[in-house]
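Undergrad: After the sequence you'll find the predicted model.
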Amino acid sequence: MEKEHKPVTIKDIARIAGVSHSTVSRSLNNSSLISQATKQRIQKIAKELNFVFDSSARSLSTGRTGSVAVIFPELFDYFGNSLYMGMLIQGVRHGFDRFSIDSIATFAKNEYTGESNIRRLISRRKIDGLLIVHPEIDPGDWEYIEKSGIPFVVLHFKPRSYDYSHMNYLFTDHVYGGELATRRLIESGCRKILCLSEDSVEPQFQERTDGYKRALAEAGIPFDARLVKKGMVSFEFGYRTILEMQDRLHEIDGIFAEADLVAIGCIEALKGLSVSIPGDIPVIGYDDTELGAVFHPPLTTIHQPREEHAGLACARLVELIEGAGDPPMQLIVKPQLIERESCP
């Protein structure tokens, strides 16, 4: 009788290569955190062992489904939020495709019945793991997830009502992002900077505003609460704010909009008022969406490392599914300034 071969796992590749599980997963996901030489060596080992293409056999032998669930926020339905989220989720899809894993995209709850989609997927054993991209999972669902023992990773949103200090997570340093944008405006000579934020309890927008305040303080510029406006993440919010301030535009000399779509609304209103961008008022956005790159003038913005985040989150979830026992991966990545034409 022919000897049965066990499926190759990340642990096997790590043992052969003499590296950690994390290094293998990140190498297979082409992460920039791993040197090119190490990635090439590990990818060569994986290819020789047929790791990528043996997922169906692996699923049969282990009893796994070969699928994971990606839990979206309900705000994904709104255009302003979906611009960035759409790009993030695209990165997630590509990340799981690298490992030949299917992803089931869903909201936390069924919008018609109110039933927990998370509990349903876990209890029916439809998935091997969860990628949580949601700011407000019900505490009862969090408890259910942890009691079930199913592997999970938290991406982008910090849980608002549950302790995540022990979890695997990847977030952006939004305080640094807000500071980076504001500092760039100050370097351009701005001193009276309008800050447009989201009117919500979502921590990332408060963090961006905190970064704005920090940059002002570092430059010795007094904080003026009247220059912070809050509203929806929408083109209309930016456009309407400028129109409402048109008789007081002399009171500002720069704009930091905490979302690209808001920044674009500001620019469109300013152009309608014959205000030059960046000549009269420089504008900086946040998120680095494709729309900002093709708008006129092209938008200077803050780039969240969504591709890196998505890839690392997917790779870490695969590690956990494969049984990796490393300490939790807890990364807070700094965003980058993307220089275009809306700020000199």
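TA: Noted; the coordinates are in hand.

Undergrad: per-domain residue ranges of the protein.
TA: What automatic domain parsing lists as the domains of the chain is 1-63, 174-303.

Undergrad: Deepest-packed of the ones you listed, please.
TA: Using mean count of other CB atoms under 10 Å, the stretch among those with the greatest mean number of neighbours is domain 174-303 (a mean of 19). Where you see a C-beta, it was placed from the backbone N, CA and C, and this is true even at glycine.

Undergrad: that older thread, need the domains of the chain in TSV with mean pLDDT, can you?
TA: Formatted as TSV, the domains of the chain follow (pLDDT from 0 to 100):
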stretch	mean pLDDT
domain 1-63	72
domain 174-303	96
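
Undergrad: Please convert those to TSV, extending it with distance to Gln90.
TA: As requested, the domains of the chain are exported to TSV (distance: least, CB to CB, whole Å):
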stretch	distance to Gln90
domain 1-63	15
domain 174-303	11
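
Undergrad: Asp326 is nearest to which of the ones you listed?
TA: Closest approach to Asp326 among the domains of the chain is made by domain 1-63 (6.0 Å; CB to CB).

Undergrad: Would you mind pulling the contact partners of stretch 109-128?
TA: Contacting residues not belonging to stretch 109-128 are listed as 64-69, 71, 74, 101, 104, 106-108, 130, 137-138, 140-141, 144-145, 148, 150-151, 321 [CB atoms under 8 Å, 6 or more residues apart in numbering].

Undergrad: Narrow those to those in helices?
TA: Among the contacts of stretch 109-128, the members falling in helices (DSSP state H) are 140-141, 144-145, 148, 321.

Undergrad: quick one, strands of this structure?
TA: When secondary structure is read from DSSP state E, the chain shows strands at 67-72, 102-107, 129-132, 152-155, 169-172, 193-198, 228-231, 254-257, 283-284, 301-303, 330-333, 336-338.

Undergrad: Show me what the third one is packed up against.
TA: Meaning strand 129-132. For strand 129-132, the packing partners by 3 or more CB pairs under 8 Å, 6 or more residues apart in numbering; DSSP states H and E come out as strand 67-72, helix 117-123, strand 152-155, helix 306-321.

Undergrad: between the ones you listed, which gets the lowest average pLDDT?
TA: The weakest mean pLDDT among these belongs to helix 306-321, with a mean of 91.

Undergrad: chain center to it, what's the gap?
TA: Distance, stretch centre to chain centre, for helix 306-321: 12 Å (CA atoms, centre = their mean, to the nearest Å).

Undergrad: Put the alpha carbons of that helix into CSV.
TA: Provided in CSV are the C-alpha atoms of helix 306-321 (Å, rounded to 0.1, in the frame of the first residue of the first chain):
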residue,chain,number,x,y,z
ARG,A,306,-4.1,49.2,4.0
GLU,A,307,-2.3,46.8,1.7
GLU,A,308,0.2,45.9,4.4
HIS,A,309,-2.5,45.7,7.0
ALA,A,310,-4.7,43.4,5.0
GLY,A,311,-1.8,41.1,4.0
LEU,A,312,-0.5,40.8,7.5
ALA,A,313,-3.9,40.3,9.0
CYS,A,314,-4.7,37.5,6.5
ALA,A,315,-1.3,35.9,7.1
ARG,A,316,-1.7,36.0,10.9
LEU,A,317,-5.2,34.4,10.7
VAL,A,318,-3.7,31.6,8.6
GLU,A,319,-1.0,31.1,11.2
LEU,A,320,-3.6,30.8,14.0
ILE,A,321,-5.7,28.4,11.9
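
Undergrad: elements contacting that helix?
TA: By contact count (3+ CB pairs under 8 Å, 6+ apart), the secondary structure elements abutting helix 306-321 are helix 21-28, helix 79-97, strand 129-132, strand 152-155, strand 169-172, strand 330-333.

Undergrad: by contact count, what packs against the first one?
TA: For helix 21-28, the contact count by 3+ CB pairs under 8 Å, 6+ apart identifies helix 10-17, helix 36-48, helix 306-321 as packing neighbours.

Undergrad: Would you mind getting the angle between it and helix 306-321?
TA: Using axes from the mean of the first three to the mean of the last three CA atoms, to 10 degrees, one finds that helix 21-28 and helix 306-321 are set 130 degrees apart in direction.

Undergrad: Quick one: the helices and strands packed on helix 21-28 as CSV, columns for distance to Ser165 too.
TA: Output for these, formatted as CSV (distance: least, CB to CB, whole Å):
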stretch, distance to Ser165
helix 10-17, 26
helix 36-48, 30
helix 306-321, 17
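
Undergrad: Ser25 is nearest to which of those?
TA: helix 306-321 (3.7 Å).

Undergrad: I'd like to check the angle between the closest one and strand 102-107, please.
TA: 110 degrees.

Undergrad: about what we covered before: are any of the contacts of stretch 109-128 buried, and if so which?
TA: 64-69, 71, 101, 108, 130, 137, 141, 144-145, 150-151, 321 (16 or more other CB atoms under 10 Å).
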